[in-house]
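**Q** Predicted structure and sequence below. I'll ask about it afterward.
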Amino acid sequence: MQDKQWRAIMGILIWLVTGAVVGAIAGMIMRESFGLLGNVVIGLVGAFLGGALFAHGDINNSPLTIGTFSVSLIGAIVLLGLVNLFRRGSLR
């Protein structure tokens, strides 16, 4: 396997693992449970939302740091808050 392919695979794995962790932490904070796949989706969409809101879209091109992790987590919490608002009529 070439170095370029290896880096691409590792990048995808890092995105998935980070998304799962961010989604799980956001779920604990918002007292929601979505399972592993749900956590990954919430973490990835939350990272995109957080990057768009707080990092001017630059989070996707940044390395994984405490700052980018925090932006992803805030985005996931905002996403869960919006889901709760539309689903239940309250932020909980």
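**A** Right, received. Where do you want to start? Numbering: from 1, shown residues only.

**Q** shaky segments in this structure?
**A** Low-confidence segments of the chain (pLDDT under 70): 1, 55, 57-62, 90-92.

**Q** need the strands for it, in chain order.
**A** Taking DSSP state E as the test, none of the chain falls into strands.

**Q** how far away is the most centrally placed residue in the chain from G19?
**A** What sits nearest the mean C-alpha location of the chain, by CA atoms, centre = their mean, is G43, with 2.4 Å. From G43 over to G19 the distance is 3 Å, taken as CB to CB, to the nearest Å. Where C-beta positions appear, they are placed from N, C-alpha and C, glycine not excepted.

**Q** between these two, what contacts are shared?
**A** Counting by CB atoms under 8 Å, 6 or more residues apart in numbering, the common neighbours of G43 and G19 are S72.

**Q** The residue nearest to the centre of the chain reaches I14, doesn't it?
**A** No. Using CB atoms under 8 Å, G43 is not in contact with I14, being 11.8 Å away.

**Q** who touches both of those two?
**A** Listed contacts common to G43 and I14 are nil; contacts here mean CB under 8 Å, 6+ apart.

**Q** now the end-to-end length of stretch 51-66.
**A** Terminal residues of stretch 51-66 are spaced 14 Å apart (CA to CA, to the nearest Å).

**Q** you'd agree A24 is up against V41?
**A** No. Using CB under 8 Å, A24 makes no contact with V41, being 11.8 Å away.
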